[in-house]
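Participant: with the input below, show me the fold.
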Amino acid sequence: MYLILSIFLASILGLILLISGPWVGGILAFGIIAGCMFRGLYLLNDIHRRLLNDLPRADKAKEVYENYLKEKRGTIKDKEMDSHHQKRPE
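Facilitator: As a prediction, this is how the structure comes out:
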């Protein structure tokens with residue numbers, strides 16, 4: 001039902017834009033397109049804000065622990081690389 005109503009209203013709007021002349025029709029068409037774009041941008045921003053509120057918050061302690069483990073693994077790998085590259089006495 002809404003689809004038929006939308007098609008009918010769009011047809012009437014198109015007829016009005018054609019009858020009104022190029023300047024008035026162009027200004028009205030630009031206003032309609034710009035309004036739809038701004039409304040879409042507003043809705044995307046609203047969806048983004050709502051999704052951010054639903055995401056779980058990062059645990060600071062867990063983040064610090066993971067960074068510690070990464071650093072620890074990095075130092076172990078560096079020590080292993082250094083021991084392989086050291087010259088052996090002949």
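Participant: quick check, pLDDT for Phe38.
Facilitator: In this prediction, Phe38 carries a pLDDT score of 93.
Participant: that one: what's it in contact with?
Facilitator: By C-beta atoms under 8 Å, 6 or more residues apart in numbering, Phe38 lies in contact with nothing. Glycine gets a C-beta too; all of them are placed from N, C-alpha and C.
Participant: and it, how far from Gly31?
Facilitator: Distance of Phe38 to Gly31, computed by C-beta to C-beta, to the nearest Å: 11 Å.
Participant: please apply the same query to Thr75.
Facilitator: For Thr75 relative to Gly31 (C-beta to C-beta), the value is 63 Å.
Participant: what's the answer for Asn45, then?
Facilitator: From Asn45 across to Gly31, the span is 21 Å (C-beta to C-beta).
Participant: select the longest helix from the protein.
Facilitator: helix 22-54 (DSSP state H).
Participant: can you pull out the low-pLDDT segments for this protein?
Facilitator: Applying pLDDT under 70 to the chain flags the ranges 76-90.
Participant: give me that answer again for 80
Facilitator: Scanning the chain for pLDDT under 80 picks out 54-59, 74-90.
Participant: check contacts around the residue nearest the centre of it.
Facilitator: With distances taken as C-alpha atoms, centre = their mean, His48 lies nearest the centre of the chain, 7.4 Å away. Residues near His48 by C-beta under 8 Å, 6+ apart: none.
Participant: what separation do you get for it and Asp54?
Facilitator: In this view, His48 and Asp54 are 11 Å apart by C-beta to C-beta.
Participant: same check on Phe38?
Facilitator: Phe38 sits 25 Å away from Asp54, going by C-beta to C-beta.
Participant: repeat that for Leu44.
Facilitator: Leu44 is 16 Å from Asp54, by C-beta to C-beta.
Participant: these two: which has the busier surroundings?
Facilitator: Taking neighbours as other C-beta atoms under 10 Å, Leu44 and Asp54 compare with Leu44 leading, 10 against 6.
Participant: show me the contacts for that one.
Facilitator: Under the criterion of C-beta under 8 Å, 6+ apart, the contact list for Leu44 is empty.
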